[in-house]
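>>> My questions are about this predicted structure, shown below with the sequence.
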Amino acid sequence: MPAERAGYTVTMFLIDTSPSMSKLRTVELPPGPNGDVQTTEMTHLQWSLQFVKLKIQEMIFNGRKTDQCGVIVFGAKETDNIIHEQNGGYEYVQEYIPIAQPNALTLSKLDLLKPTDNFGDPVDALIVGIETQDLHLGKKKTWTRKIVLVTDGESPIEVEDWEATVEKMNTTSISLAIMFVVRFFRALSVIDHFDISGIDFDDETFGYTEPNKPEIKRTNEKFYHQFTKAMQNGVVGTCEEALQETARPDIKLTKSVLMGAVLRLGDVDTRSDEALELTVKTSKCTALSRPKSWKKFAVREAKDDEKDQHMEDDEVAKVAYAQLKMRSEYYVEQSEDVDTDGDVKMEDDDEDLLDKGASKKEKEQTEEGEKSTHLEKVEKEELVRGFKYGTTYAPCPDGQFPRLPTRKGIDICGFFPAKNFRRELSMGEVQYVWADPSSAKQQAALSSIVQAMYEKGAMAIARWVTKDGMDPKMGVLTPVVFDEVDYLLWAHMPFADDVRKYTFASLDNLVSKKGEVLTEHPFLPTEEQLEAMDNFVDAMDLMDAGERDEEGNRTAWFNTLESYNPSIHRTKQAMFHCAVVSDVVANPLPPPHPELLKYFDPPKRALKRSREALEECKNTFKIKHVPKKVAKTRKDGHAHAQDEDDGLLLEGKGPSSLHTSMSQVQITEASSSTQQSPNKSKAKANDSETEEEEDEEEEMLLDSVKKATLPPAAPRNNQPLPTPARSLSPEVNPGRAPGRIIGATYPLTDFKKNIAQGDVVTKAIEDLAAVVIEIAMRPFASRRHKELLECMHVMRDTALLEDEIDAWNAFLVDLKNKCTSDPGNQEFWSEIKDVGRGLSLISNKEAKQHNGTSKVSEGGAINFFD
């Protein structure tokens with residue numbers, strides 16, 4: 001569907017104010033807070049004007065100067081139109097609001113319309129509307145002309161020569177929408193551009209037939225259908241359906257403005273003979289939409305001279321609200337805590353406040369009082385912009401640092417296979433890159449690039465600068481080939497600084513602390529569980545959960561083109577409703593349109609189909625409802641701090657009381673006791689019972705750190721607390737398994753300490769070999785590869801000197817088998833191979849040089865890594 005040009009439209013609203021429009025009707029309102037049914041009474045004119053005001057509010061919301069409208073009233077108190085002034089006739093037809101860009105006053109004038117005692121001819125109003133549009137637009141043939149007629153169909157109509165009116169409307173491409181106030185049919189209706197031919201409006205199958213319909217209305221009804229049917233673009237609809245459709249999410253396709261740019265391939269400055277430079281045009285492919293921002297308004301205060309002025313009866317009252325605007329004033333604190341060299345004295349820490357006996361809240365109040373008396377106002381021109389740099393500020397007089405000397409255009413940096421494109425890294429809006437429409441040569445050149453990229457399945461990395469001196473953006477260019485045009489799509493991509501990488505352990509490969517690959521564990525799903533989850537996912541498939549098509553086949557449930565942003569359209573609906581309704585309490589906001597709630601709930605077909613699979617998952621995974629644990633108050637005398645900064649927890653047997661005031665802080669601590677409370681003994685017993693369960697979980701930990709034990713605090717007698725250390729280093733667990741003398745935390749340090757003793761060489765080499773294999777098989781072992789290589793160098797030298805050659809050779813063979821198996825650690829084994837002979841097997845030739853023996857030949861040692 002071709003994009004519709006935004007704006008450049010003149011809409012004429014023809015409103016019927018005949019006596020029949022004063023009839024009352026009952027209108028249903030949204031349910032009350034308790035679900036109560038609410039109704040209200042209003043005239044046909046008031047009810048139909050809601051539709052007119054909503055359409056005008058749409059124009060005000062868009063804010064386009066080329067979106068204009070006018071209002072003509074038939075059945076008015078007086079006659080005022082351009083045809084009557086020239087030729088007479090056309091009685092009781094008034095040009096109520098001239099054609100212009102609508103605003104709040106337009107809606108205010110519509111609220112003043114009242115039914116009259118005069119009957120107006122809708123055909124006369126239609127002719128006046130056509131002539132008024134024609135006079136206003138003149139020779140602007142590209143503008144769209146629309147006419148909306150609002151009537152109850154009970155006014156007499158002069159039907160002579162109506163074919164000439166239709167011919168005039170067809171030649172000027174006017175679209176007509178006639179909205180009836182009284183619902184006399186139930187059918188699908190839209191406001192503009194909808195053909196209703198073939199629909200029998202009096203058919204009872206639509207659910208409604210107006211009883212005791214007047215004969216004049218029945219005749220007018222047939223005339224309106226015949227009238228719109230003869231037009232090329234006419235529609236008849238009900239006002240009730242029209243009001244419902246105004247809440248329907250509406251997205252208008254608009255044409256983006258083409259912006260000039262240059263596409264460069266290669267270095268056009270130094271190697272112009274090998275480079276390519278094309279003139280291209282860019283436009284938006286996607287644009288981010290946000291809800292309309294809310295603004296604050298206040299009642300405008302009238303001046304004394306304005307209060308004395310009285311408005312005339314026919315003058316419309318102006319809006320008494322004005323938008324509040326932000327105003328910034330700048331003040332500099334003239335503090336006395338400044339040294340002679342310009343350094344600012346730092347504020348005291350919270351610990352110092354305790355020593356001084358002053359509460360933090362009291363200090364803040366004191367500082368606020370001092371600041372209020374030492375503030376000096378400065379002008380914005382006297383300020384210098386700066387950037388925070390650590391604890392200081394770096395001034396930047398120009399407001400920003402010098403930009404890079406960039407040049408406007410799109411530079412192709414290189415090409416890569418499209419299959420390597422990471423879709424999740426695409427950010428921001430997408431842009432079209434077209435060839436210059438006025439140059440066939442440029443079009444052929446760009447088409448050749450697009451065709452080549454398309455055939456090779458390649459994408460390009462491009463650097464885009466929108467203006468000389470602007471910051472560059474990196475992105476990718478994707479080729480798109482259509483029957484009649486070839487173009488590129490540019491998508492913004494992040495720099496390396498914008499990407500956040502997170503690494504997680506494998507979910508299906510689990511390695512214990514000993515380096516063993518686990519196949520059964522509570523963290524690993526079983527085949528039964530995998531099958532149950534597969535069945536559940538298949539049952540929730542949405543590709544066949546939608547409605548049936550014309551052939552009876554199920555369609556997909558979700559459609560991106562029909563999924564609207566609720567925040568945008570609901571906010572828009574609320575704004576329109578508040579602008580149209582005078583009393584929001586009496587006439588509350590109606591519910592959202594069903595199209596907006598279309599994808600709020602999953603499809604019933606998928607839910608019904610997945611019930612059995614869901615129950616199977618619950619039984620297989622043994623899912624149970626876990627109630628939320630309520631924290632219990634401890635009975636061992638611990639105090640509870642009211643806030644992070646309001647108090648301190650003190651360890652001790654008895655309860656410690658914390659008393660704070662505005663002037664001082666008093667801390668009372670009970671004397672410590674050497675007797676152990678029964679609660680603590682019970683807690684220790686419970687801890688011992690859970691040690692066996694925790695041993696199984698410790699196998700999955702990479703590194704375990706014991707909790708730091710702090711020495712007991714010495715008793716104080718109403719003395720202030722000392723300032724604690726900034727950080728306390730916990731005792732590091734050496735990571736030694738039971739029966740080992742080498743730990744996994746610092747294996748090389750432990751190995752050198754044991755070798756220095758001289759009696760445990762064999763045990764040290766054996767344990768170091770086991771630790772190296774365990775660490776190499778762990779997840780994230782690449783962080784310690786360098787450390788492991790150093791351990792192996794020291795271990796090999798020690799084995800050669802201490803005649804532990806067989807232990808080294810056996811260790812290296814075992815390490816190779818585990819590294820090259822699945823999952824293994826191929827990366828670490830490749831690093832060992834890169835070292836070469838220095839970490840290979842110890843051969844018999846090398847062993848004899850140190851008075852040792854080996855079963856490995858020199859050739860076997862050299863070819864070990866092959």
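Arrived safely.
>>> low pLDDT regions in the stretch 701-850 of the chain?
701-731 (pLDDT under 70).
>>> Let me fix that, I meant to ask about the chain.
1-6, 33, 159-211, 252-253, 302-319, 335-373, 631-731.
>>> in the top helix by length along it, what's buried?
Assignment by DSSP state H gives helix 44-62 as the longest helix of the chain. With burial defined by 16 or more other CB atoms under 10 Å, the residues of helix 44-62 counted as buried are 44-60. No exception for glycine: its C-beta is placed from N, CA and C like everyone else's.
>>> Quick one: list the elements packing against that helix.
Secondary-structure packing of helix 44-62 (3 or more CB pairs under 8 Å, 6 or more residues apart in numbering; DSSP states H and E): strand 9-16, strand 24-29, strand 67-74, helix 104-111, strand 144-151, helix 239-245, helix 566-580.
>>> got the CA positions of that helix in CSV?
Extracted C-alpha coordinates of helix 44-62, given in CSV (Å, rounded to 0.1, in the frame of the first residue of the first chain):
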residue,chain,number,x,y,z
HIS,A,44,-28.8,13.7,19.5
LEU,A,45,-26.7,16.8,18.8
GLN,A,46,-24.5,16.4,21.9
TRP,A,47,-24.0,12.7,21.2
SER,A,48,-23.0,13.3,17.6
LEU,A,49,-20.7,16.2,18.4
GLN,A,50,-18.5,13.8,20.3
PHE,A,51,-17.6,12.1,17.1
VAL,A,52,-16.8,15.5,15.4
LYS,A,53,-14.7,16.7,18.3
LEU,A,54,-12.8,13.4,18.4
LYS,A,55,-11.9,13.8,14.7
ILE,A,56,-10.9,17.4,15.2
GLN,A,57,-8.9,16.4,18.3
GLU,A,58,-6.9,14.0,16.1
MET,A,59,-5.9,17.0,13.9
ILE,A,60,-4.9,19.0,17.0
PHE,A,61,-2.9,16.0,18.3
ASN,A,62,-0.9,15.7,15.1
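>>> That helix to helix 104-111, inter-axis angle?
In terms of direction (axes from the mean of the first three to the mean of the last three CA atoms, to 10 degrees), helix 44-62 departs from helix 104-111 by 170 degrees.
>>> Helix 44-62 to strand 67-74, inter-axis angle?
Going by the same axes, to 10 degrees, helix 44-62 makes 170 degrees with strand 67-74.
>>> for the helices and strands packed on helix 44-62, which one sits closest to Q94?
strand 67-74 (4.8 Å; CB to CB).
>>> Follow the chain on from the closest one and name the next helix or strand.
Going down the chain from strand 67-74, the next helix or strand is helix 82-87, by DSSP states H and E.
>>> what distance separates that following helix from the middle of the whole chain?
Its chain's average C-alpha position is 58 Å from that of helix 82-87, according to CA atoms, centre = their mean, to the nearest Å.
>>> Likewise for stretch 418-428?
18 Å.
>>> Tell me which helix or strand P594 sits in.
Applying DSSP H and E, one finds P594 in no helix or strand.
>>> just to revisit the earlier point, how big is the angle separating the longest helix of the chain from strand 24-29?
50 degrees.
>>> which residue ranges form the strands in the stretch 151-300 of the chain?
For the stretch 151-300 of the chain, the strands defined by DSSP state E, counting those that start in this stretch cover 174-180, 234-238, 259-265, 276-284, 297-299.
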